[in-house]
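Participant: Quick one, what's the 3D model for this:
(one chain, ligands or ions: 1)
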Amino acid sequence: MEWRTERPGVTTVTDVFPGLPKTSGQPRNPGANSTPNGHEQVVFCSDERSGLYAIIAIYSTALGPALGGTRFYPYESESAALADVLNLSRAMAYKNAMAGLDLGGGKAVIIGDPSRDKSEALLRAYGRFVQSLGGRYYTACDVGTYSEDMDIVARESRYVTGRTPAHGGAGDSSILTAYGVYQGMRAAADHTWGATSLSGRRVGVEGVGKVGHRLVGHLIEDGAEVVVCDVDERAIERLRALYPQVEVVDDQAALTASDIDVYAPCALGGALDDDTVARLRAKVVCGGANNQLAHAGVEKQLADRGILYAPDYVVNSGGVIQVSDEIEGFDMDRARSKASQIFDITRRIFTIAAEEDVPPAVAADRLAERRMSEVGRLRGIWLSN
Ligand SMILES: NC(=O)c1ccc[n+]([C@@H]2O[C@H](COP(=O)([O-])OP(=O)(O)OC[C@H]3O[C@@H](n4cnc5c(N)ncnc54)[C@H](O)[C@@H]3O)[C@@H](O)[C@H]2O)c1
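Facilitator: Just a heads-up that it's a prediction; the model follows:
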């Protein structure tokens, strides 16, 4: 499961359904009325005929309509799905705020096995629920959903991004996700070694799927040495066909114990746990995966060991920058130029973290909360039509 984040402020099922055993979490939603548990709105969507069972969570619309992808996943239970969507929608609010977008945070999950349960009828039923929210929530791709699926959802709803280029969409968001991670890594290199190039540095990339393999491309072009691991042999073969010079190690433990300068988690969440931090030899952590910190306090452990952590939702915001550009009418040059700013934003976070003597993850949360609260207040001023 990917929903093991337990950072402060992370929502648990029990916050919404108090009868369930409590695990962790304190709500906070600086820009919105806090119900339930910091979320503005949580919608359960059921369509028996198509077999759709989905949950749409809107954490905040303080900065604008909530944008976040649709995860199609065979959750073990409804409560696991709910916990995941609440955590993910909150993270989207922070990501969109830090990316400087006029967008709030939301997310959706469809409960089921995408390889078995996905159908046109189900996706269209889902699209009708998205449409019913009247633009308060824009959807996009996530684990288990693809641009082609968004084309189908868009047949029932205007509030869809991440469609195929053939339908005016931004297509595969991993292009600018990887580009943004690379920009964040340049900022981290500058902060650590006083040079924005990764040339001559040894970078360990965990997971060489859509984001990871593109990140490897940027690194090699910049002159870095790259070492990778992936649980899927086909992903390694695809990468090796493109970049035969890349070194491959067995697994994440071997990668993080090896002599690397930068560790780039680009697989699933929770990569940074106590064991990984203890053995990590890298000076910088900067990767594309969501929810990299396995539990609260890991950000401090990293800081105590002198390892610079580039906050995940800051450096992986290139994808949301790419798909959100569709709302204006997609233009790759404009989206890429916005994603370039991840370099400056990451650098600013490192500076604030040093000035305020807090880990970068805390500095990023503070900045995001400030923007949500300040702009949220501004948007509270009623404008006549
Ligand atoms: N695609 C995007 O635009 C985007 C945007 C923001 C964040 N992310 C996050 O980036 C991460 C990667 O996304 P993606 O789109 O590249 O997914 P993907 O499924 O294409 O790639 C993930 C890769 O990680 C590998 N992997 C899984 N478990 C592993 C393990 N234990 N050790 C090593 N490798 C492992 C998989 O085999 C796969 O090749 C995810 O956490 C995702 O949520 C993606």
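Participant: in the protein, which ranges drop under the pLDDT threshold?
Facilitator: Low-confidence segments of the chain (pLDDT under 70): 1-37, 384-385.
Participant: The ligand contacts on this protein?
Facilitator: Residues of the chain found near the ligand (C-beta under 6 Å from any ligand atom) are 173-174, 177, 206-212, 229-232, 235, 252, 266-269, 288-290, 316, 319. Heads up, the C-betas are built off the backbone N, CA and C, glycines and all.
Participant: Just the ones in helices from those residues, please.
Facilitator: 174, 177, 210-212, 235, 252, 319 (DSSP state H).
Participant: on that earlier part again, out of the residues of the chain next to the ligand, which are buried?
Facilitator: Neighbour-count burial (16 or more other C-beta atoms under 10 Å) applied to those gives 173-174, 177, 206-212, 229-230, 235, 252, 266-269, 288-290, 316, 319.
Participant: about what we covered before: of the ones in helices among the residues of the chain next to the ligand, which pair is most distant in space?
Facilitator: By the measure C-beta to C-beta, Gln252 and Gly319 form the most distant pair in these, at 22.4 Å.
Participant: burial count for the closest residue to Gly270 other than its chain neighbours?
Facilitator: Distance criterion C-beta to C-beta, 6 or more residues apart in numbering; nearest residue to Gly270, sequence neighbours excluded, is Ala294 at 4.2 Å. Counted by other C-beta atoms under 10 Å, the residues lying close to Ala294 total 20.
Participant: Am I right that Ala294 is in contact with Val277?
Facilitator: No: the pair Ala294 / Val277 is not scored as a contact, 9.1 Å apart, by C-beta atoms under 8 Å.
Participant: Apart from its chain neighbours, what residue comes closest to the residue in the stretch 151-300 of the chain positioned nearest to the ligand?
Facilitator: Closest to the ligand within the stretch 151-300 of the chain is Gly209: 1.8 Å, counting by C-beta to the nearest ligand atom. Distances taken as C-beta to C-beta, 6+ apart put Ala235 closest to Gly209, at 5.8 Å, once the chain neighbours are dropped.
Participant: could you list every residue that touches that neighbour?
Facilitator: For Ala235, the contact set (C-beta atoms under 8 Å, 6 or more residues apart in numbering) comprises 207-209, 212-213.
Participant: how much space is there between it and Glu247?
Facilitator: Using C-beta to C-beta, to the nearest Å, Ala235 is found at 15 Å from Glu247.
Participant: List the contacts of Leu239.
Facilitator: 208, 213, 216, 228, 230, 246.
Participant: That one: which element?
Facilitator: Per DSSP states H and E: Leu239 is located in helix 233-242.
Participant: In that helix, which residues are buried?
Facilitator: Neighbour counts over helix 233-242 (16+ other C-beta under 10 Å) mark 235-236, 239 as buried.
Participant: Please name the nearest non-neighbouring residue to the residue positioned nearest the centre of the chain.
Facilitator: Centroid-nearest residue in the chain, with C-alpha atoms, centre = their mean: Asn290, separated by 4.4 Å. Among residues not flanking Asn290 along the chain, Gly269 sits closest, at 5.5 Å (C-beta to C-beta, 6+ apart).
Participant: Where do the strands of the chain begin and end?
Facilitator: 41-47, 52-60, 66-67, 70-73, 104-111, 137-138, 202-206, 225-229, 247-248, 262-265, 284-285, 308-309 (DSSP state E).
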